[in-house]
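> Return atomic coordinates for the entry below.
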Amino acid sequence: MSHGKLREEKDCLNCGHLVEEKYCPNCGQQNIQTRQPFYYLFTHFVEDFTHYDGQFWGTIKNLLFKPGKLTNTYLEGKRQKFVPPVKLYIFISFITFFLFALFPPFDINFEGKGKSKLLPEKNKITEIQKALEETRSKEKLEEKDSIYISKLNAALKDSAKINELQGTFDMSKGMSEDSEFNGFTNRKSYDSAVAKNPSFFDFINTPFAHKYFELKEQGVKKGEILKKLYETSFHNLPKALFIYLPIFALFLWIFHNKKKWWYFDHGIFTLHYFSFLLLNILIFTFLNKLTDVINISFINGIIYFVMTLMVFYSVIYFFIAHYKVYNSHGIVSFIIGTVLFTINFFAFLFLVAGLGVISFLMIH
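Residues are numbered from 1 along each chain as shown. The predicted structure is shown next:
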């Protein structure tokens, strides 16, 4: 790994102090040439984040397989051995969402879904109607004909319901004229009803309703709406995770001894746990993409088994890390961990739901 060509001059360009060797003893800046070959930019970037002296890879190994180890080491004051928690989280977050932007983890092409089943159902309705007309056109209807007509009518109703349901999920179409939001088919009727009977939740419902009717009037296809909703939600997800970091740490602070544990300590635990989750999600997505490339059922079966273990490990990891960092009694740690995990699970779901609403409102 190149560190850049050293200057012959011994004065530090940053502070002017005398530099005897590579680094300035006063400010720590490396005494290298101000201009370097282009490849130096890339190698310097990689070196900064991966630390080929083993710091980066040792951090990743401990993060994945030794829950709580990084947090304990950092809080003990040993902070040069591993990558700092803030830098680790930012780097893993950047890599995860950068790769997701290049290789989306889910298929976002919703166009045309539902067409293949919709056409056969329409043909079935036509055949039933034709059979009804033929039966009713008989000069004299017998008892078996009446029973047959009843069955055909029932089948016609069922097929109509299925056809309507399939139409709802047909992503190639826009919203129909009679599609409703809270019983209203247009913005004018909705605003009129809200003005007459205002509600406490209007500040949430009204913007959502206006966006719904706006998309309806524009004739935006359902597939396009879902695609834009997915893309907007994905772009907002890093922000949501970043916002939730202090909330997660706050819940930890509430449930632990305030004299022994500072909010700062909980923040370090949170950064390490979220870094693990992001890295786990990245590996999980990579394995999922791998199954699309490998068409060998036996190997894919092994990959799916590993992916299943990773999901369970993500949950168990929190309890192990919590126990090792906070040193509570086993049962007490498990109870507190369960309460914290449950609260955070529903709180994050609430945040994701809010993210979905914001993403919908941002569709244009």
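> Toward the C-terminus from the helix or strand harbouring Leu252, list the very next helix or strand.
Taking DSSP states H and E as the definition, Leu252 sits inside helix 222-254. Downstream of helix 222-254, the next assigned helix or strand under DSSP H and E is helix 263-293.
> Just the buried residues of that next one, please?
265-282, 284-285, 287 (16 or more other CB atoms under 10 Å). C-beta coordinates here come from the backbone N, C-alpha and C atoms, glycine included.
> swap in stretch 253-262?
Quick answer for stretch 253-262 (16+ other CB under 10 Å): 253, 255-256, 261.
> Nearest to Gly301 among those residues?
If you rank the buried residues of stretch 253-262 by distance to Gly301 using CB to CB, Phe255 comes first, at 40.5 Å.
> so what's the closest one closest to, chain neighbours aside?
Ile336 (5.4 Å; CB to CB, 6 or more residues apart in numbering).
> Thought Tyr323 was touching that neighbour, still the case?
No. In this structure, Ile336 is not within contact of Tyr323 by CB atoms under 8 Å, at 9.6 Å.
> returning to what we had before: quick one: average pLDDT of the helix holding Leu252?
Across helix 222-254, the average pLDDT comes to 79.
> next one: stretch 69-76
94.
> who touches it?
For stretch 69-76, the external contacting residues (CB atoms under 8 Å, 6 or more residues apart in numbering) are 59, 62-63, 81-82, 84-85, 265, 268-269, 272, 321, 324-325.
> If we use 7 Å, what do you get?
59, 62-63, 81-82, 85, 265, 268-269, 272, 324-325 (CB atoms under 7 Å, 6 or more residues apart in numbering).
> For it, buried residues please.
Here stretch 69-76 shows 69-75 as buried, counting by 16+ other CB under 10 Å.
> element containing Glu214, please.
Per DSSP H and E: helix 202-218 holds Glu214.
> Can you give the distance from that helix to the centre of its chain?
25 Å (CA atoms, centre = their mean, to the nearest Å).
> That helix: which residues count as buried?
For helix 202-218, burial by neighbour count (16+ other CB under 10 Å) applies to 206, 209, 211-213, 215-216.
> nearest to Ser93, of these?
Lys211 (29.3 Å).
> give the contact list for the closest residue to the closest one other than its chain neighbours.
Nearest non-adjacent residue to Lys211, counting by CB to CB, 6+ apart: Leu361, 5.4 Å away. By CB under 7 Å, 6+ apart, Leu361 lies in contact with 207-208, 211.
> Phe203 versus Leu361, what's the distance?
12 Å (CB to CB, to the nearest Å).
> again with Arg187
17 Å.
> Hmm, which of the contacts of stretch 69-76 is lowest in pLDDT?
Out of the contacts of stretch 69-76, that is Lys81, at 83.
> What strand or helix carries that one?
Counting by DSSP H and E, Lys81 is found in no helix or strand.
> Confirm the residue nearest to Phe255 sits in a helix?
Yes. According to DSSP: H, G, I helix; E, B strand; the rest coil, the state of Ile336 is that of a helix.
> and the chain, what are its domains?
1-50, 51-111+220-364, 115-200 (automatic domain parsing).
> Of these, which stretch is the most buried?
Using mean count of other CB atoms under 10 Å, the stretch among those with the largest mean neighbour count is domain 51-111+220-364, at a mean of 15.
> next one: it to chain centre, how far?
10 Å.
> now stretch 185-204
Worked out by CA atoms, centre = their mean, stretch 185-204 lies 32 Å from the chain centre.
> That one: end-to-end distance?
End-to-end distance of stretch 185-204 (CA to CA, to the nearest Å): 18 Å.
> all helices in the chain, in order from the N-terminus.
Ranges of helices in the chain, per DSSP state H, are 39-50, 55-65, 69-75, 85-102, 115-136, 143-168, 187-196, 202-218, 222-254, 263-293, 297-326, 330-361.
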